[in-house]
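Visitor: when you get a sec, could you give me coordinates for this:
(3 chains)
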Amino acid sequence: MDGSAPARREVVIPGDLLDGHGLKPGSGTFNEGGRIYAARLGIVSERDGLVSVIPLSGRYIPRSRDVVIGKVTDLGPSHWLVDINSPYPAPLNVKETPWMVEFGDTDRYLRVGDVILAEILSVDEAMRVQLSMADRQFGRLNGGQVVGISPAKVPRLIGREGSMVSLVRDFTHVRMFVGQNGLVWMDGDPEGVRHTAHAIRLIEERAPLSGLTDLVREYLESAYGRRAGTPAERDGDGGH
Amino acid sequence: MTAEVISELLREHINRLAASGKRADGRAFDEPRELVVQKNYIKNAEGSARVQLGNTDVLVGVKIDVGEPYPDTPNQGVLSTSAELIPMASPNFEAGPPSPTAIELARVVDRGIRESKTVNTEKLCITPKEKVWIMFIDIHALDYDGNLFDAASYGALSALSCAKVPASKIGKEDYPLPLEHWPISVTSAKIGRTIVVDPNLDEERIADARLTVTTDENGDVRAMQKGLRGSFSLEEVRGAIQTSQRVGRSLRGIINQA
Amino acid sequence: MEGGRGRPRSVMAMEDIEHIPKELKLIDESGIRLDGRRFDELRPVRIEAGVLKKADGSAYIEWGNNKVLAAVYGPREAHPRHLQDPARALVQCRYNMAPFSVTDRKRPGPDRRSVEISKVISEAFASVVFVEQFPRTSVDIFIEVLQADAGTRCAGLTAASVALADAGIPMRDLVTSCASGKIGGVVALDLNKDEDNFGEADCPMAIVPRTGEIVLLQMDGHLTFEEFEKAMELSINAAKNIYEIQRDALRRRYSAAAEQAAREPPPPPPPRAEEVPPPPDLPEDLPPEVDDL
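Guide: Numbering: from 1, shown residues only, chains lettered A, B, ... in the order given. Okay, here's the model as predicted:
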């Protein structure tokens, strides 16, 4: 793959002793008496010098630099409050937008109910989150709809180097953004949106199973009555 | 300063003392505070006692009246315990329906008395299936300086020990309520690695875990309740039982002689 | 302990009383109980994880004739806001018995016994869940007893542990719960309803299996010190078996994931320019590797 040690895969349960052999504790683990234990239900992964547990479930807990989709739920004179599908509301300060917002003018730019694509700038130890929409790739998402999936399944939806998301897009031609927080925004013709939503459901329900890519491709092919002739398929992403 | 911050300073202070074998009020780890018992405190109650355990002050009243038995225990009297943490006793007590703390307190005291058969409810039967004596034990916390479990339990036992069954209500002569056992509850609190008996309010506020053990005059265990967020090892549980047996003996004497 | 309502422990219908023999033998001379078990035998226990769709985590347990459902929501914003703890998550359990769960219909709503049980179960989990990772939130645990036959708090707590893991809540270990008591003068494991009503003692406990810490302990009845020791020994040993049943339920729920993962490269990291910084739950004694926390 990418040169790091082969990963070990097994379901671990909170309290399970992890055989770190010299690795450092990563996410989803804890250290007690010099030994590393699983803190969450998930799959052990060893890479880049860390032994971690990749969770199989759980709410979205904000992390720095995650790209998220959020909904504006409130506003103040110099900030908006955004629901990012986590236990913590996330403020977006006017300084973190590309606009020159006058004090008190916030609702001219973003209103309650608006959906945005943003990035988490920082999370401190008290879990206070700061969002940013300053970069050009972020902004308000107009129209479309938002569906939610379990945040633990987001990697499966994206696929290796975006292969799963590309596969879906190739058939449905829908504009789509996948947030790390388990929210997915999509926009396109009603048929395309419907098929995309269904494909997402499939991925979420069948995430643990093998041959997921084939399953999704089969669904899309039957939905559209044609095969995909796209680079994604020809690259052989290995039944991922 | 917020309560949280004070807690941290207090915790460090108490921990430091504990590490050198001391408690803030000078007591030994296994030493309870002074117990003062005043029986027959309330004239209108069939039995009553005011108990002060250090600065924790609790008044317990026992009211006995004629009533109907529960259908599934037609030959037994009825025992019912409740507790009120009245607002004047502590800045943290609010008026209103019983909080989970008050409910737990009443139920633990009740179990200590009921399970040890302190009062033999079969002897409280007047006419089977029709008339029995109903006993209400009402705990009124007046001043809260820690360890209501024990103070309330001593108050209840003291009140029962001087209670009179108002048999004049059924045309007979009043007689003292017969007690068959004398359960004493002793609470230990775990602070870090140290276990202290009869925690005062400061110790209770920073305690990790709490274990109340009720033993009778034979040293047998009648009730136990672990509380707070921490844990005990089995060894520590054994220690708490032995402490309850030992401390219980001396406190039982005080209540008997009051 | 299941009698409740501040009343004596026996709760039976009127008709039963006349038929109770003067000396009800809960355990006979050869050590066999009314339900055929020996003194140290556990009732059959079965657990399924992930049985509800809406809850973040859930589990269903059948323990003898007990049927109990546990569900977890969280961590989620704690309400009311004045209850929020700025430093940690609250762990709030609500134990409830369905009206049809017991012989004499129980009025809906929390009674004093349910309030007390909710409290002791909340306290049992509070030191095991990594609450410092989620300040200002609440982890809400719901335990519904659908059918009761004594030992419901042990069954509920055992299922709730599985539900917490299913919800992805970080914990030091699962918590396992079991009770022992005394019947006919003999210390016995896992009393059913009749044994609890007519027996001489009941002692529920919950333990952190890996460390032996006791996080729930209650007792009522009459036990000598030695009898108490025996009761604890029975419960702690049985807890080892129950722990395996809990773990098995979780493994089965996610076995498809493990199977697939065993055959494949790991799920790819999210597409990002640079490597993922360690998230906030890095253990305290190591310095964070990135400084944006």
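Visitor: now the helices: where do they sit in chain B?
Guide: Assigned by DSSP state H, chain B shows helices spanning B:3-19, B:100-115, B:148-161, B:201-206, B:234-257.
Visitor: for chain A, which helix is longest?
Guide: Ranked by residue count under DSSP H, the longest helix found in chain A is helix A:190-206.
Visitor: what are the C-alpha coordinates of that one, in CSV please?
Guide: These are the backbone C-alpha positions of helix A:190-206, laid out as CSV (Å, rounded to 0.1, in the frame of the first residue of the first chain):
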residue,chain,number,x,y,z
PRO,A,190,-34.7,14.5,-9.2
GLU,A,191,-34.0,11.0,-10.6
GLY,A,192,-30.3,11.4,-10.0
VAL,A,193,-30.8,12.6,-6.5
ARG,A,194,-33.1,9.7,-5.8
HIS,A,195,-30.6,7.2,-7.0
THR,A,196,-27.8,8.9,-5.1
ALA,A,197,-29.7,8.8,-1.9
HIS,A,198,-30.5,5.1,-2.4
ALA,A,199,-26.9,4.3,-3.2
ILE,A,200,-25.9,6.1,0.0
ARG,A,201,-28.4,4.1,2.0
LEU,A,202,-27.0,0.9,0.5
ILE,A,203,-23.5,1.9,1.4
GLU,A,204,-24.5,2.7,5.0
GLU,A,205,-26.4,-0.5,5.5
ARG,A,206,-23.9,-2.8,3.8
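Visitor: nearest residue to whichever residue of chain A sits closest to chain B in space, ignoring adjacent ones along the chain?
Guide: For chain A, the nearest residue to chain B under the criterion C-beta to the nearest C-beta is residue A:126, separated by 12.8 Å. For glycine as for every other residue, the C-beta is placed from the backbone atoms N, C-alpha and C. The shortest distance from residue A:126 to any non-neighbouring residue, by C-beta to C-beta, 6 or more residues apart in numbering or on different chains, is to residue C:135 (5.3 Å).
Visitor: now residue C:25
Guide: residue C:184 (6.2 Å).
Visitor: just the pLDDT for that neighbour.
Guide: If you check residue C:184, the pLDDT there is 93.
Visitor: let's have the helices of chain B in JSON lines, adding mean neighbour count, mean pLDDT and distance to chain C.
Guide: As requested, the helices of chain B are exported to JSON lines (neighbours: other C-beta atoms under 10 Å in any protein chain shown; pLDDT from 0 to 100; distance: least, C-beta to the nearest C-beta, whole Å):
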{"stretch": "helix B:3-19", "mean neighbour count": "13", "mean pLDDT": "76", "distance to chain C": "7"}
{"stretch": "helix B:100-115", "mean neighbour count": "24", "mean pLDDT": "92", "distance to chain C": "4"}
{"stretch": "helix B:148-161", "mean neighbour count": "28", "mean pLDDT": "96", "distance to chain C": "13"}
{"stretch": "helix B:201-206", "mean neighbour count": "18", "mean pLDDT": "91", "distance to chain C": "14"}
{"stretch": "helix B:234-257", "mean neighbour count": "18", "mean pLDDT": "95", "distance to chain C": "6"}
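Visitor: of all those helices, which one is nearest chain A?
Guide: Per C-beta to the nearest C-beta, nearest to chain A of these: helix B:3-19, 12.8 Å.
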